[in-house]
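>>> Generate a structure from the sequence data that follows.
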Amino acid sequence: MPTRLFIYGTLHPDRAPAEIAPVTRRLTSIGRGTIRARLYNLGEYPGAILADESDPAAPTVSGEVFLVPDAATLSALDAYEDYRPDSPADSLFLRKEAVVTFDDGSRKSCWVYVYNRDL
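Below you'll find the predicted structure:
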């Protein structure tokens, strides 16, 4: 596999809660960057909602990109984020593709968990 995942919140291995920390330790950092999104404080965790990527005035969210080594790790992260691929409407977060602008200026498509509720 491995898959790229942009992390902006509690999934980061340095701040992951105990119940998901063993899974996040399997991730390998490949760089820092930003996505076009708006970040919300949801209390126990943050939630990002993607903005229009073509809008240069859209806000950005900083984070780090990690390689997810295998499908089992990705599945565990999906479960923790309450992402249900077979039932997106019932998911708390959705895993979507977004373009990350890395600190070196390069751009790559990565997965990111985005909040799936009205604010």
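>>> can you pull the buried residues of the lengthiest strand in the chain?
Scanning the chain for the longest strand, with DSSP state E as the assignment, gives strand 28-41. By neighbour count on 16 or more other Cβ atoms under 10 Å, the buried set for strand 28-41 is 30, 33-37, 39. In this view, the C-beta of every residue, glycine as well, is placed from N, C-alpha and C.
>>> What average pLDDT does it get?
Mean per-residue pLDDT for strand 28-41: 96.
>>> Give me the angle between the helix or strand that it is followed by and strand 28-41.
On the C-terminal side of strand 28-41, the closest following helix or strand by DSSP states H and E is strand 46-50. If you take axes from the mean of the first three to the mean of the last three Cα atoms, to 10 degrees, strand 46-50 sits at 90 degrees to strand 28-41.
>>> Name the surrounding residues that touch strand 46-50.
Contacts to strand 46-50, defined as Cβ atoms under 8 Å, 6 or more residues apart in numbering, come from residues 8-10, 35-40, 61, 93, 96, 98, 112-115, 117, 119.
>>> what does stretch 97-106 give?
Taking Cβ under 8 Å, 6+ apart as the rule, stretch 97-106 contacts 4, 6, 31-37, 50, 53, 60, 63, 65, 107-112, 114.
>>> For it, C-alpha coordinates in PDB please.
What follows is stretch 97-106, C-alpha atoms only, in PDB (Å, rounded to 0.1, in the frame of the first residue of the first chain):
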ATOM      1  CA  GLU A  97      -8.700  13.300  -0.600                       C
ATOM      2  CA  ALA A  98      -7.200  16.800  -0.300                       C
ATOM      3  CA  VAL A  99      -4.100  18.400  -1.900                       C
ATOM      4  CA  VAL A 100      -1.400  19.100   0.700                       C
ATOM      5  CA  THR A 101       1.100  21.800   0.100                       C
ATOM      6  CA  PHE A 102       4.300  20.700   1.800                       C
ATOM      7  CA  ASP A 103       6.600  23.100   3.400                       C
ATOM      8  CA  ASP A 104       9.000  22.700   0.500                       C
ATOM      9  CA  GLY A 105       6.300  23.800  -1.900                       C
ATOM     10  CA  SER A 106       5.500  20.400  -3.400                       C
END
